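K.L.:
with the input below, show me the fold.
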Amino acid sequence: MARWFRSEPMEYISLIVNEDAAHDCLADLGRLGVIQFTDLNPDLTPFQRRYVSYVKRCDELERKLRFFVNEIERFELDMVSAGSVDSFVNSSASLMSDHGSKKTGAQLLESLEVELEGYEAQLRELNNYSEKLTMEYNEKVELQEVLEKARRFFMTDAPRLAVSELTSTGQDMHSSDAGLLQSDNAPRPDLDMRFSSITGVVSTEEKSRFERMIFRATRGNCYVRFAPIQQPITDPESGQLVEKSVFIIFFKSESIETKLKRICDAFGAHRYSLPDMDDAGSVDTMLTENAQELVDSRTVLLKNQDTRFRLCQLLAKHTERWTWLVLREKAVYHSLNMFKADVSGMLRGEGWVVAESTDEVKEAVERAHASMDLHLPSLVDLVPQPWPTPPTHFMTNKFTYGYQEFVNTYGIPRYREANPALFTAATFPFLFGVMYGDVGHGLFLFCAGLYLLWNEKANEGAKLGEMGEGMHAGRYMIVMMGFFAVYAGLIYNDMFSLGLNLFGSRFTFEGQDSLSVEEAAVATNDHEYGSNDSVYPFGLDPIWHVSSNELLFFNSFKMKLSVIFGIIQMFSGTCLKGLNAVYFKDRLSFFYEFLPMAVFALSLFGYMVILILSKWCINWNSRMLSATCIDPDGDGWGSADYVGEWIKCNAGDDSDGTCTPWGYACTGSDTTADKCPLDFGGSGDGCQPPNLITTLINIALNPGTVDEPLYAGQGGVQNILILMAFVSVPILLLAKPYFLSQQPHRALVETHDEEAGDEDDHESDDHGFGEIVIHQAIETIEFVLGMVSNTASYLRLWALSLAHSELATVFWEKAMLSTLNMNFFAAFIGYGVFAGVTFGVLLMMDVLECFLHALRLHWVEFQNKFFAADGIRFAPYSFKQIIKDAA
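P.N.:
Numbering: from 1, shown residues only. Model (predicted):
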């Protein structure tokens, strides 16, 4: 954990390698994954780089591999795994040729290009042939459907329409020419007219628009009939199944024919020429021939599809391995493009390396040169300071990775700065548990985390999607969240809004055994106050869940807990600021930032925690009893609640015969301050519990006055504390800028660069000092006001815990209790409603809500006390990471 507290030490090194061995050097360094190269050619465009041709070749190989993947997915085939990424990275077998000799990078690229080029050409040829065959097959299917639909139309609908037309025409002629003599053998021009027709196939989706366009273009001077094709037809371009319909259009005009052909072309309709439908023999012959061609075409098409399927099966076995090889080679040449050729035949590179891995880098470079049998020496040496800003790198494991990414999402820690993730690993699930505290709901979350841990290996290399990857990365966080939710639920003694009487309640109501407890009855403790037996062993006593003042008690308890946790966490963040100042030997920040901040926080907010804990720890029964008048001869005299010696008073003339436990004679007109033996001051002299909010407000608004003190001299102590708080603010505001202004110009500019960002080193002293004063003023205002607002922000712990418990209570009472006494069916329905709303609201929405609020408390309230979040993330040259990112 100490190693996780600060980032790994980094060193800036220079590499000088032989150009012939450069590829092997970077291949070995990529396996190590401990170096981040610096671009030594920032002025060159990507097309001016030394190895741009190799990168382009890798891009072309990636394009071919993407083409293979798309074709494999079209057949819904699964990619055969190339094994684990670790085994691929650590293995050198992928660089070996078929004869066992080692391949160079150029040879490996060349062999991959030849192999993939052959597969691509073969697959594209098969695809083109398949598209052509599909089009021919579709044409034959459509022609077969057109022939069958047209013949059916002419055999059934056409005679009926003709008879109908003859009948209507004959009636019209008879009525109009009834007075004329006509021969029965006279010619009938109306029966000799024959209409032209266009037949074809159009998409069913376009059918309505197609028909509407024909009607408008011909002004209704045509007759259209449609018949759907039952079997969908495959689109040769997209491969999707498309519903189509056969159409036949009758018309009597060459101009209309021209319009109809243009409309068919516009809608992508396929037109087919048919023989004279009156010639049944010709139609039957055409149907028979087309059916035979259809069978032959289908056979060839299936053969083509089978060949493509077998080729894709072969490609699926090797595509992932090829992809990893190309990614590795592309990463090598990308990194080589960052090197500079200062001397002919030699390349120079610079970069950051993890300090403890420097020797491994030297060994890898020397090993690559030795294997090439090169006599020119390689050189790996440290670059003298000043260095560029070092990157930040943390060594993480399965447990710590999720928390580190949790912090990195907000910002990367500065180099060697205190890492918030170390504390977040403990405080984040704990604060989540404080808000979500419930034994039952927490167990569901805990079991969900255990399920993710159980399937850890199965999910490690699987494609889970964005949400699944996030759940897998945070599996240990989910387990911890569930654990602390159960822990807080045990503290609250809350399980699905019900109390758990695990150890037996220490309180009893009169008549509870006979179930005859009266309204407003007061529970009594069965044991001596303050003894071990009078306290519930773990958590809160379950009696609070059935008491009338349950909400009042839990509100007070959880609100004070929230304030205590918040102040402790915020002050811990302030202390980390001091630790950073000590580590970086920044005396000004330690003495004039951290110390005033610590004094301000402790004098007001730390004192608040002390008051809360003091009020909890004081025996108020004894104190209040010490200022109570009791008859010495009564039953209350000698009660065990009073801690001290009982002394009978000497009754005077004005005494009413009662005494306080410490021997004060009561007169009946005594104030609490007169009867209290503590003499702390105020209205109660220390014998009455104070209102802490009033006490805290009076520290600033009415200094020196304490209405109900907790201890002697409280007013004076609070005056000293408020004075310390007021004095710390101007020190925090002015001290550091003043001392910086007394330093030489160089120191002033360097400090200004560190805190306010990169500025021009030739900036004037006045301008630099003004910037520092403004920055320090912002820092001061943010801290002083932030301590107040952030403390109030921690009350969300109380608010969300209250909301969770009250929602669980409402769901239980309205969904379950109201239906249990009805009947079995109502109870079954009630349980379904209870389970549904519990899962949807409390196990889903409320988990997300508590997660986001705990996230905000860490990002804003905790981390802003010390966390700069402006570091540079270490991006090592690592084959393993490159392959994982590409996946």
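K.L.:
where's the residue nearest to Met816 when sequence neighbours are not counted, which helix or strand?
P.N.:
Counting by CB to CB, 6 or more residues apart in numbering, Met816 lies nearest to Phe834, which is 5.0 Å off, once chain neighbours are set aside. Glycine gets a C-beta too; all of them are placed from N, C-alpha and C. Phe834 is part of helix 824-837 when elements are defined by DSSP states H and E.
K.L.:
can you list the buried residues in that helix?
P.N.:
By neighbour count on 16 or more other CB atoms under 10 Å, the buried set for helix 824-837 is 830, 834, 837.
K.L.:
list just the nearest of those residues to Ile647.
P.N.:
Nearest to Ile647, judged by CB to CB, of those is Phe834 at 59.5 Å.
K.L.:
I'd like to know how far Glu519 sits from Ser253.
P.N.:
Separation of Glu519 from Ser253 (CB to CB, to the nearest Å): 98 Å.
K.L.:
who's more crowded, those two?
P.N.:
Ranked by neighbour count (other CB atoms under 10 Å), Glu519 and Ser253 place Ser253 first, with 14 against 5.
K.L.:
how about that one, nearest residue that isn't a chain neighbour?
P.N.:
Closest residue in space to Ser253, ignoring its immediate chain neighbours: Asn221 at 7.1 Å, by CB to CB, 6+ apart.
K.L.:
what's the local residue count around the one you found?
P.N.:
Neighbour tally, Asn221, other CB under 10 Å: 12.
K.L.:
just checking, it touches Lys259?
P.N.:
No - at 10.2 Å, Asn221 and Lys259 do not qualify as touching, with contact defined as CB atoms under 8 Å.
K.L.:
what's the overlap in contacts for these two?
P.N.:
Shared contacts of Asn221 and Lys259 (CB atoms under 8 Å, 6 or more residues apart in numbering): none.
K.L.:
how many residues are close by Tyr492?
P.N.:
Using other CB under 10 Å, Tyr492 is surrounded by 23 other residues.
K.L.:
so it touches Pro542, yeah?
P.N.:
No - the pair Tyr492 / Pro542 is not scored as a contact, 10.4 Å apart, by CB under 8 Å.
K.L.:
next up, the contacts around the nearest residue to Phe496 once chain neighbours are set aside.
P.N.:
Spatial nearest neighbour of Phe496, excluding adjacent residues (CB to CB, 6+ apart): Gly440 at 4.3 Å. For Gly440, the contact set (CB under 8 Å, 6+ apart) comprises 489, 495-496.
K.L.:
buried only: go through these for me.
P.N.:
489, 495-496.
K.L.:
out of those residues, name the ones that lie in helices.
P.N.:
Gly489 (DSSP state H).
K.L.:
in terms of distance to Lys615, which of the buried ones among the contacts of Gly440 ranks first?
P.N.:
Gly489 (25.6 Å).
K.L.:
what is the mean pLDDT for the longest helix along the chain?
P.N.:
The longest helix of the chain (DSSP H) is helix 280-336. Helix 280-336 carries an average pLDDT of 90.
K.L.:
pLDDT weak spots in the stretch 151-300 of the chain?
P.N.:
Applying pLDDT under 70 to the stretch 151-300 of the chain flags the ranges 157-194, 237-239.
K.L.:
let me see the ranges of the strands in it.
P.N.:
Chain-ordered strands for the stretch 151-300 of the chain, with DSSP state E, counting those that start in this stretch as the definition, fall at 196-203, 223-228, 233-234, 241-242, 244-251, 270-272.
K.L.:
ok, and the closest non-adjacent residue to Leu294?
P.N.:
Leaving aside its sequence neighbours, Leu294 sits nearest to Lys140 (CB to CB, 6+ apart; 4.5 Å).
K.L.:
look up the pLDDT of the one you found for me, please.
P.N.:
Listed pLDDT for Lys140 reads 86.
K.L.:
what helix or strand does it sit in?
P.N.:
Assigned by DSSP H and E, Lys140 belongs to helix 105-152.
K.L.:
angle of that helix against helix 280-336?
P.N.:
160 degrees (axes from the mean of the first three to the mean of the last three CA atoms, to 10 degrees).
K.L.:
which other helices and strands contact helix 105-152?
P.N.:
With contacts taken as 3 or more CB pairs under 8 Å, 6 or more residues apart in numbering; DSSP states H and E, helix 105-152 sits against helix 22-32, helix 52-74, strand 196-203, strand 233-234, strand 244-251, strand 270-272, helix 280-336.
K.L.:
mind doing that once more with 6 Å?
P.N.:
Helix 105-152 makes packing contacts with helix 52-74, strand 196-203, strand 244-251, strand 270-272, helix 280-336 when contacts are defined by 3 or more CB pairs under 6 Å, 6 or more residues apart in numbering; DSSP states H and E.
K.L.:
where do the helices sit along the stretch 651-800 of the chain?
P.N.:
672-675, 692-701, 714-730, 736-741, 745-756, 765-793, 796-811 (DSSP state H, counting those that start in this stretch).
K.L.:
just name the most buried of the ones you listed.
P.N.:
Scoring the helices of the stretch 651-800 of the chain by mean neighbour count under mean count of other CB atoms under 10 Å gives helix 796-811 as the most buried, with a mean of 20.
K.L.:
the closest residue to Ile412 other than its chain neighbours in helix, strand or coil?
P.N.:
Leaving out its chain neighbours, the residue that sits closest to Ile412 by CB to CB, 6+ apart is Gly871, at 3.9 Å. Secondary structure state of Gly871, per DSSP: H, G, I helix; E, B strand; the rest coil, is coil.
K.L.:
hmm, Phe37 is touching Met338, no?
P.N.:
Yes - between Phe37 and Met338 there is a contact under CB atoms under 6 Å: 4.8 Å.
K.L.:
ends of stretch 647-661, how far apart?
P.N.:
End-to-end distance of stretch 647-661 (CA to CA, to the nearest Å): 6 Å.
K.L.:
pLDDT averaged over it, what's the number?
P.N.:
Over the span of stretch 647-661, the pLDDT mean works out to 80.
K.L.:
starting at the chain centroid, how far to it?
P.N.:
The chain centre lies 72 Å from the centre of stretch 647-661; the measure is CA atoms, centre = their mean, to the nearest Å.
K.L.:
check stretch 875-887 too.
P.N.:
Computed by CA atoms, centre = their mean, the chain-centroid distance of stretch 875-887 equals 21 Å.
K.L.:
list the buried ones in it?
P.N.:
Judged by neighbour count using 16+ other CB under 10 Å, the buried positions of stretch 875-887 are 876-883.
K.L.:
run through who's touching it.
P.N.:
Here stretch 875-887 makes contact (CB atoms under 6 Å, 6 or more residues apart in numbering) with 30, 33, 35-37, 85, 89, 324, 327-328, 331, 335.
K.L.:
flag the shaky bits of the protein, pLDDT-wise.
P.N.:
For the chain, applying pLDDT under 70 flags the ranges 1, 92-105, 157-194, 237-239, 373-378, 513-514, 518, 520, 651-653, 745-767.
K.L.:
out of the strands of the stretch 151-300 of the chain, which gets nearest to Leu109?
P.N.:
Closest approach to Leu109 among those is made by strand 233-234 (38.3 Å; CB to CB).
K.L.:
circling back to that earlier point, for the longest helix of the chain, name the packing helices and strands.
P.N.:
Contacts defined by 3+ CB pairs under 6 Å, 6+ apart place helix 280-336 against helix 22-32, helix 52-74, helix 105-152, helix 879-886.
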